[in-house]
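**Q** below is the structure, and that's it, no one-letter string:
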């Protein structure tokens, strides 16, 4: 009897051991797959960045068969982008100018829409609004560009005609600002909705119990606590606005020089890169100068994201009373 029990116990132990070994092997395989996919993503990003950097720097040192050469001085300070003279300074300024004005429209609209969806509207209406925002986020930029040409540009033209302002048929900076605001709105709204839903319900109830009105609670408690997530949405919205090309090309009637009048034709770095690239000869300065402009755009987006993230972290630390440790403190902690 004892021998039978020992055999049964040994059999159970062996099965348990085999089961553990099988699980460990499965875990190793899954970890290996994840590591491979993560490494593949990193390699793709590094190859893309390396190619853009090399292609963007090359025109400054390369002599082309036509005798042309990209003048670094004019490239960084020039006010026109045209054959033989590729200046990116004012196009860079136009890009930031249009993006900033579009954010002035989209950020308040997005945050207030998110607040309406999560805290103000009845649940069925809130769910409907959320679904509309989700659908809007998935619409291709070329469709929004077509909407801009067919609806926004005529509205801008009629608005200008009413006040006696020339608007180049509606293709103008104002049309570009409106389209950029429309494209960034669903991104910022979706992130804001997620951030507001994550606010601790106890804080909201405590605010109401202490006598604050729902409006005071929404603006002073909910939006304050959701600040970090909303900021993340704003960063993504700015990134999309800076990188948009097709829709903006369709509604701006691109020009080569500076223009701060929002009722006139304008241009951004992306529209300059897109315009005429199909006709440019591969390997020519006209073709490769666009990579240099793309490198500038990439640097703008990276600097903007890093700067805004730093501001967001500083606001978070200040609100929560967190003191950032100095370098000396970090070194002492590392040595300890």
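**A** Structure received. Just so it is clear, the model here is predicted, and its values are computed rather than measured.

**Q** CA only for contacts and neighbour counts going forward, please
**A** Noted.

**Q** who's in contact with residue 228?
**A** 195, 312, 316 (Cα atoms under 8 Å, 6 or more residues apart in numbering).

**Q** residue 79 and residue 91 touch, don't they?
**A** Yes: the pair residue 79 and residue 91 passes the contact test of Cα atoms under 8 Å, sitting 7.4 Å apart.

**Q** show me which of these two is the more surrounded one.
**A** Relative neighbour count places residue 91 above the other of residue 79 and residue 91, with 27 against 20, counting by other Cα atoms under 10 Å.

**Q** element containing that one, please.
**A** helix 89-115 (DSSP states H and E).

**Q** what about the closest residue to residue 230 other than its chain neighbours, how many neighbours?
**A** Nearest non-adjacent residue to residue 230, counting by Cα to Cα, 6 or more residues apart in numbering: residue 192, 4.7 Å away. By other Cα under 10 Å, the residues close to residue 192 number 29.

**Q** can I assume residue 192 sits in a helix?
**A** Yes: remark: residue 192 belongs to a helix, assigned using DSSP: H, G, I helix; E, B strand; the rest coil.

**Q** do I have it right that it meets residue 108?
**A** No: in this structure, residue 192 is not within contact of residue 108 by Cα under 8 Å, at 11.1 Å.

**Q** picking up where we left off before, and the contacts of residue 228, which is closest to residue 229?
**A** Nearest to residue 229 among those is residue 195, at 4.9 Å by Cα to Cα.

**Q** look up phi and psi at the closest one.
**A** phi -70, psi -40 (degrees, to the nearest 10).

**Q** for it, what are its contacts?
**A** Taking Cα under 8 Å, 6+ apart, one finds 226-230 in contact with residue 195.

**Q** out of those, list just those in helices.
**A** 227-230 (DSSP state H).

**Q** count residues in the vicinity of residue 193, would you?
**A** If we define neighbours as other Cα under 10 Å, then residue 193 has 25 of them.

**Q** does it touch residue 118 like I think?
**A** Yes: applying Cα under 8 Å, one finds residue 193 in contact with residue 118, separated by 6.6 Å.

**Q** if we can go back for a sec, lowest pLDDT pick from the contacts of residue 228?
**A** Of all the contacts of residue 228, residue 316 carries the smallest pLDDT score, 74.

**Q** that residue and residue 210: what is the separation?
**A** 25 Å (Cα to Cα, to the nearest Å).

**Q** now the residue nearest to residue 246 when sequence neighbours are not counted: which helix or strand?
**A** Nearest non-adjacent residue to residue 246, counting by Cα to Cα, 6+ apart: residue 142, 6.0 Å away. Under the criterion DSSP H and E, the helix or strand holding residue 142 is helix 141-147.

**Q** rewinding a little: what residues sit buried inside the helix or strand immediately after the helix holding residue 91 in the chain?
**A** Next helix or strand after helix 89-115 toward the C-terminus (DSSP H and E): helix 123-137. Residues of helix 123-137 classed as buried by neighbour count (16 or more other Cα atoms under 10 Å): 126, 129-130, 133, 136-137.

**Q** same question, stretch 102-120
**A** Buried-residue list, stretch 102-120, by 16+ other Cα under 10 Å: 102-103, 105-107, 109-120.

**Q** tell me how many other residues crowd the residue nearest to residue 161 when sequence neighbours are not counted.
**A** Residue nearest to residue 161 in three dimensions, not counting chain neighbours: residue 167, with 7.9 Å by Cα to Cα, 6+ apart. If you count neighbours by other Cα under 10 Å, residue 167 ends up with 24.
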